[in-house]
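**Q** 3D, please:
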Amino acid sequence: MTQDDKHAPETDPDILAAAEIGAVDEDIDDSQYVSGLPGILGVIDVAIARIEAVLLATGVLLMAVNTSANVLGRYVFGQSIFFSEELNQALIILITFAGISYAARHGRHIRMSAFFDAMPFRMRKRMMILIAAVTSAAMLLLAWYSLDYVLAQASRGRLLPALQIPQWWIIVWAPLGFFLTGVQYALTTIKNIIDKDIWLSTSTLEGYDDSQEEEV
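**A** Modelled structure (predicted):
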């Protein structure tokens, strides 16, 4: 154990309990989500959580209903829903880009942490701030480029063959998802700056259980 690890700050029991509650929450519904950030930052964090919950729940439910109705129509009435495939494509895009923000807020994106875990506490703290800040900048840049792409598609006036709606309507979720993810990582950066512990996200504490060596 290094000198830095020996002086790693003790985690507040209340903070640890809140992080553990968030870690075992496997549901999309974040109606009980409580942000660990102060003031207006906490309001923004909770607002993003509500937006994600609505988008994901709506997308999943509509996809389930659409798929079930299409199967029922095909095998019972002998007639498929002509716009079912296009609708599912639109919903997949919605769920995908709303999901990246949800995963970021719960610290569930894939991490290559072998070298990170071997670092002393202070170095891990600095690295987490840098990682979150760079990721936030990358997501916001992708949001800008994807918005430019959406505007280009909107200017062409193309319609979906079956639904007969503008094509850009179903890809508008890309810039929104990237933007929310960028904001989420920005909040994670701030969380790591103002708090003594290391946070994978605003609600997920980085660390290991001493008895089982599992991430909490």
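**Q** and residue 96, that one's in a strand?
**A** No. Residue 96 sits outside any strand when classified using DSSP: H, G, I helix; E, B strand; the rest coil, being helix.
**Q** In contact with the closest residue to it other than its chain neighbours, which residues?
**A** Spatial nearest neighbour of residue 96, chain neighbours left out: residue 177 (7.3 Å); criterion: C-beta to C-beta, 6 or more residues apart in numbering. Glycine gets a C-beta too; all of them are placed from N, C-alpha and C. Contacts for residue 177 (C-beta atoms under 8 Å, 6 or more residues apart in numbering) come out as 96, 97, 98, 99, 100, 101.
**Q** Make a ChimeraX selection of the buried ones in those.
**A** Applied in ChimeraX, the following selects the buried portion of the contacts of residue 177 according to 16 or more other C-beta atoms under 10 Å:
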select :97,98,99,100,101
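**Q** how about the contacts of residue 177 in TSV, adding distance to residue 200 and pLDDT?
**A** Shown next, in TSV, are the contacts of residue 177 (distance: C-beta to C-beta, whole Å; pLDDT from 0 to 100):
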residue	distance to residue 200	pLDDT
96	21	92
97	21	91
98	19	88
99	17	89
100	15	91
101	14	88
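**Q** Turn the contacts of residue 177 into CSV, columns for distance to residue 76.
**A** Formatted as CSV, those follow (distance: C-beta to C-beta, whole Å):
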residue, distance to residue 76
96, 31
97, 34
98, 32
99, 32
100, 37
101, 38
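**Q** where's the residue nearest to residue 96 relative to residue 52, distance?
**A** Counting by C-beta to C-beta, to the nearest Å, the gap from residue 177 to residue 52 is 9 Å.
**Q** which residues are in contact with both of the two?
**A** Counting by C-beta under 8 Å, 6+ apart, the contacts common to residue 177 and residue 52 are 98, 101.
**Q** low pLDDT regions in the protein?
**A** Within the chain, the ranges that satisfy pLDDT under 70 run 1-32, 34, 36, 207-216.
**Q** For residue 62, give its distance to residue 84.
**A** Relative to residue 84, residue 62 is positioned 11 Å away (C-beta to C-beta).
**Q** where exactly do the helices run in this protein?
**A** Assigned by DSSP state H, the chain shows helices spanning 3-6, 13-24, 39-76, 84-105, 114-118, 121-156, 173-194.
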